[in-house]
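Q: pasting the structure only:
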């Protein structure tokens, strides 16, 4: 029923477009000058027909279940049920009304089920009536307005603006929603684990929290020395550092080559090839790191008499660096290409060589964009999960030896949230606290990146 | 300038052809440029005058598809020869562009750029001196002496163009090429640059491409008229403007086409 009504509204919207346009042509035919192009009349009528009906339709869909539930449960209100018992009764009534309930039924509940069916059908038919009359009323109003050849262009433009605004609002609200979902769990976590222990503790061992029997009362003291985040923060930045040591030089140099030295033909093939790297799923990089690079490094290390762990920070960071190369190379290529040719000409005309021009004129001019691309790379390195989970292990060692295994924030979130969760447990909430701190770190990086870019952007022009 | 009544030729181009890919842009250009004089190159848009100018310091090298044939002799040396060192050539032949293009650096660094590349200053004092004389020669010193370490891009259009001229003369070039140097400037800034050009010709040979016939008449001693990639006529500015030999030149100068 809902689907039919919805389809009807959409179809009506389309037809009314043609009606509106036709009306415009008739106005034109009677030698009056139109105030806008004929299709604006069509859009105007279509919007007025479909949008009010659609809004009523959606509001109805949102509020109908709640109202019906209130009406049904009002019969039970003075019988001393608890809230979740009431919910259970309501579920019983609903499944009974669908004929799917097979347990014991009291006559009272059966009566409620009949009432429920009754209410629903009243709601359905009144919905159809109201939506249809809304279409007729607003459509007639709009049709009358376009008959008098009044303005249609401005309302249509305003409507489009509103649609675009709603779209961007949806994106922003989602972000806000995610932040809030993180915040409340994080606050709960810090009620049990002191902030100080989390930020300065050097021992991360969430497995300890797995042992707790959930029926026991929560005893904060048992978590001391369990959620010290220093090792995993250190691991995160350490692996990101190794990754950037690989990605920045290679990415920048290939970016400069592509932008300044490569002939059009080479560039045509080389750029897409480098960008293929960006299209490889990170899980593939992950097993490349874990099964190829890791053992390879171990072998080399052993032959030199070094003790290399098969899951080393070096393997994970190195492969992560390779993953980030295309971002830095592609972005810095774009920035360098957008430096005006007149600056290059000016430098060449002074007798500067190509490398002098790049070093002294182009690179400084492109620096803000290059810094931006590097910070973007850092954000990716910090947020990268799969490679670390697969190649660097899950034990949160506090170490600065690239040949040992270490772990990162993202990898620990995976460890904590894999399998069955007990919500409201400090172990699960730790994941939210980690997610929140990760979010804050990348947010700061992005803000810094934007600042840097903004500060230097107007330097040439 | 005449020495013992003989015109001193600074640059001599012989049978110069230029191609962009398969399209020929210049046809057999033979033009002599007199030393310490201003030579104006005029002609309608797309006639090849800028292309010719860019041949003189081999700026066409920057364009991949561009090929130059023929000889361009400067100081008895063919700059199209393989043995020519482009870095040295461009040190001797400076260039000022249509749109002011100061580097996104300070005023001081803009001027010291060339001397640093060519290793012309041994100490900070020497460099300070080069910067000061260049800015003075470009008639910009008075306006910027208190803000040498502010960005050059913060100057006005006319000041930026004089900064570019100062940058060009900082390496003491023998020749300065100017590609429509005033087309982005207002009349007052244009007048300042024209005055400057007159001053600069004491020490430098100047070749200027311009769309303004009045400007060519004001600043130059010699004029060459280009049309569709060919050099139609050249000679003293007086003669070209008052008594041209070729009908096309006459038509262009009187504004009948172009």
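A: Received it, and whenever you're ready, just let me know what you need. These numbers come from a predicted model, not from an experiment.

Q: got a pLDDT number for the nearest residue in space to residue B:217 that is not next to it in sequence?
A: The shortest distance from residue B:217 to any residue other than its chain neighbours is 5.5 Å, reached at residue B:241 (C-beta to C-beta, 6 or more residues apart in numbering or on different chains). In short, each C-beta sits where N, CA and C put it, glycine included. Predicted confidence (pLDDT) at residue B:241: the value is 91.

Q: what's in contact with the host helix or strand of residue B:241?
A: Of the helices and strands defined by DSSP states H and E, residue B:241 is found in helix B:237-242. With contacts defined as C-beta atoms under 8 Å, 6 or more residues apart in numbering or on different chains, helix B:237-242 is touched by B:40, B:213, B:216-217, B:220-223, B:225, B:233-234, B:249, B:253.

Q: Please repeat the previous calculation with a cut-off of 10 Å.
A: The set of residues external to helix B:237-242 that reach it, using C-beta atoms under 10 Å, 6 or more residues apart in numbering or on different chains, is B:37-40, B:42, B:213-214, B:216-225, B:233-234, B:236, B:245-246, B:249-250, B:252-254.

Q: Is the residue nearest to residue B:222 when sequence neighbours are not counted in a helix, a strand, or coil?
A: With C-beta to C-beta, 6+ apart as the measure, residue B:39 is the residue that lies nearest to residue B:222, at 4.5 Å, once sequence neighbours are left out. When classified by DSSP: H, G, I helix; E, B strand; the rest coil, residue B:39 comes out as strand.

Q: And for residue B:226?
A: Assigned by three-state DSSP, the conformation of residue B:226 is strand.

Q: same thing with residue B:11?
A: Under three-state DSSP, residue B:11 falls in the strand class.

Q: Just give the number of residues close to it.
A: A count of neighbours around residue B:11, defined by other C-beta atoms under 10 Å in any protein chain shown, yields 21.

Q: and the residue in the stretch 101-250 of chain A positioned nearest to chain B, how many neighbours does it have?
A: Scanning the stretch 101-250 of chain A for the residue nearest chain B gives residue A:248, at 22.5 Å (criterion: C-beta to the nearest C-beta). In terms of burial, residue A:248 registers 20 neighbours under the definition other C-beta under 10 Å.

Q: Just the buried residues of the helix holding residue B:241, please?
A: Within helix B:237-242, the residues that count as buried by 16 or more other C-beta atoms under 10 Å in any protein chain shown are B:237, B:240-241.

Q: Those residues of the stretch 101-250 of chain B touching chain A, which are they?
A: Proximity of the stretch 101-250 of chain B to chain A is confined to B:101-105, B:109-110, B:113-118, B:151, B:153, B:164, B:167-168, B:170-171, B:173, B:177, B:179 under the rule C-beta under 10 Å from any C-beta of the partner chain.

Q: residues touching residue A:346, list them.
A: For residue A:346, counting by C-beta under 10 Å, 6+ apart, the contacting residues are A:340, A:352, A:357, A:361, B:95-97, B:100-103, B:110, B:113, B:164, B:167-168.

Q: hmm, try it at 8 Å
A: Residue A:346 makes contact with A:361, B:97, B:101-103, B:164, B:167, according to C-beta under 8 Å, 6+ apart.

Q: Just the buried residues from the contacts of helix B:237-242, in ChimeraX please.
A: The buried subset of these, as determined by 16+ other C-beta under 10 Å, is captured in ChimeraX by this line:
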select /B:37,38,39,40,42,213,216,217,218,219,220,221,222,223,224,225,233,234,249,252,253
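
Q: Just the ones in strands from the contacts of helix B:237-242, please.
A: B:38-40, B:42, B:222-225, B:233-234, B:236 (DSSP state E).

Q: tell me the two of these that are most distant?
A: The most widely separated members of the ones in strands among the contacts of helix B:237-242, counting by C-beta to C-beta, are B:38 and B:233 (17.5 Å).

Q: where do the strands sit along the stretch 101-250 of chain B?
A: In chain order, the stretch 101-250 of chain B shows strands spanning B:175-179, B:205-209, B:222-227, B:230-236, with DSSP state E, counting those that start in this stretch as the criterion.

Q: As a markdown table, these with mean pLDDT and distance to residue A:318 would be great.
A: A markdown table is the format used below for the strands of the stretch 101-250 of chain B (pLDDT from 0 to 100; distance: least, C-beta to C-beta, whole Å):
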| stretch | mean pLDDT | distance to residue A:318 |
| --- | --- | --- |
| strand B:175-179 | 94 | 50 |
| strand B:205-209 | 95 | 54 |
| strand B:222-227 | 93 | 59 |
| strand B:230-236 | 92 | 61 |
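
Q: before we move on, back to that, surely the residue nearest to residue B:222 is in contact with residue B:210?
A: No - at 10.9 Å, residue B:39 does not count as touching residue B:210 under the criterion of C-beta atoms under 8 Å.

Q: For those two, list the residues in contact with both.
A: Counting by C-beta under 8 Å, 6+ apart, residue B:39 and residue B:210 have no shared contacts at all.

Q: For stretch B:9-23, give the mean pLDDT please.
A: Taken as a whole, stretch B:9-23 has a mean pLDDT of 92.

Q: ugh, wrong one, I meant stretch A:8-17
A: For stretch A:8-17, mean pLDDT rounds to 89.

Q: Taking the centroid of chain B, which residue is nearest it?
A: To find the centre residue of chain B, average its C-alpha atoms and take the closest one (C-alpha atoms, centre = their mean): that gives residue B:177, at 1.3 Å.

Q: Show me the domain layout of chain A.
A: Under the assignment named as automatic domain parsing, the residue ranges that make up the domains of chain A are A:2-151, A:221-457.

Q: Name the stretch among those that sits most buried.
A: domain A:221-457 (a mean of 19; mean count of other C-beta atoms under 10 Å in any protein chain shown).

Q: Could you name the specific helix or strand carrying residue A:79?
A: In this assignment (DSSP H and E), residue A:79 forms part of neither any helix nor any strand.

Q: Residue A:315 now?
A: Using DSSP H and E, the element containing residue A:315 is helix A:313-337.

Q: now the helices: where do they sit in the stretch 151-300 of chain A?
A: Ranges of helices in the stretch 151-300 of chain A, per DSSP state H, counting those that start in this stretch, are A:153-192, A:195-200, A:207-210, A:230-256, A:264-279, A:282-288, A:294-303.

Q: Next, format the ones you listed as a markdown table and append mean pLDDT.
A: As requested, those are exported to a markdown table (pLDDT from 0 to 100):
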| stretch | mean pLDDT |
| --- | --- |
| helix A:153-192 | 91 |
| helix A:195-200 | 84 |
| helix A:207-210 | 64 |
| helix A:230-256 | 93 |
| helix A:264-279 | 88 |
| helix A:282-288 | 90 |
| helix A:294-303 | 88 |
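
Q: For residue B:25, find the nearest of those.
A: For the helices of the stretch 151-300 of chain A, the distance to residue B:25 is smallest for helix A:264-279, at 19.8 Å, taking C-beta to C-beta.

Q: And that closest one, what does it pack against?
A: helix A:313-337 (3 or more C-beta pairs under 8 Å, 6 or more residues apart in numbering or on different chains; DSSP states H and E).

Q: residues near residue 202, how many?
A: You didn't say which chain, so I picked chain A. By the other C-beta under 10 Å criterion, the neighbourhood of residue A:202 contains 12 residues.

Q: wrong chain, I was asking about chain B
A: 9.

Q: can you redo the helices of the stretch 151-300 of chain A as a markdown table with distance to residue A:67?
A: What follows is these, written out as a markdown table (distance: least, C-beta to C-beta, whole Å):
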| stretch | distance to residue A:67 |
| --- | --- |
| helix A:153-192 | 25 |
| helix A:195-200 | 44 |
| helix A:207-210 | 44 |
| helix A:230-256 | 49 |
| helix A:264-279 | 50 |
| helix A:282-288 | 47 |
| helix A:294-303 | 60 |
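
Q: what angle sits between the helix holding residue A:315 and helix A:230-256?
A: Computed with axes from the mean of the first three to the mean of the last three C-alpha atoms, to 10 degrees, the direction of helix A:313-337 lies at 40 degrees from that of helix A:230-256.
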